[in-house]
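Engineer: below: sequence and its predicted model.
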Amino acid sequence: FEDVPNHSQPPRGWDYIGPQNETPPDVHPSRNGGEFKVFIKADHGKTYIGMVTRDNDTWEAVGQQLSSPLQKGQWYKFDIALAQSPMYKSYSRVRGEADLYNIPIVLNIWGADEESKRSQLLAQSVPIDHEPWQTYTFYLQPDDNHEYIVLEAYYADGHQYPYCGNI
């Protein structure tokens, strides 16, 4: 996820997979926390991607075509460092003003046949509620071949309403 810090611009090599009327994920950290006031330093390298869920029932996701497809029945190990910023301030269309996006959310890892068509949920994290980076290991076994992988911010199980969160 190395790239120049910028809002509403996924990192190089990743495509925005989300509603057209919403902004794409951001590359952090920006100088002085940027417009979202996110100050966490990268766990590895200089930058990382930040994704949110929103109180208007939308969420962010990125995807990319794989250099070789995930093969049906094969096992894959996927490691990723995850954290939640305690401060992530952004506009809420529901409230009509800035809001804190700090309720824990999960990361979904999808296999996809086309860039924007999620076809199999391969893994889901626990709700991420910590600022220090922690590495999570997932073991993926696709039921079909998948040309694309999608990383999606999503609401934690058990919530009855959409809410503002970040990962």
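Structural biologist: Good, I have the coordinates.
Engineer: distance check, the residue lying farthest from the centre of the chain against Y139.
Structural biologist: When each C-alpha in the chain is compared with the mean C-alpha position (CA atoms, centre = their mean), G73 comes out farthest, at 25.5 Å. Between G73 and Y139 the computed distance is 13 Å (CB to CB, to the nearest Å). Where C-beta positions appear, they are placed from N, C-alpha and C, glycine not excepted.
Engineer: same question, R95
Structural biologist: Counting by CB to CB, the gap from R95 to Y139 is 40 Å.
Engineer: same question, K41
Structural biologist: Taken as CB to CB, the span from K41 to Y139 is 29 Å.
Engineer: next, the contact list for G45, please.
Structural biologist: F1, E2 (CB atoms under 8 Å, 6 or more residues apart in numbering).
Engineer: mind doing that once more with 7 Å?
Structural biologist: Residues near G45 by CB atoms under 7 Å, 6 or more residues apart in numbering: E2.
Engineer: and if you look at E2?
Structural biologist: Here E2 is in contact with P11, G45, K46, T47 (CB under 7 Å, 6+ apart).
Engineer: just the ones of those residues in helices?
Structural biologist: With helices taken from DSSP state H, there is no overlap with those.
Engineer: surely P11 touches V27?
Structural biologist: Yes - counting by CB atoms under 7 Å, P11 touches V27, with 5.3 Å between them.
Engineer: looking at these two, which is more packed in?
Structural biologist: V27 (24 against 19; other CB atoms under 10 Å).
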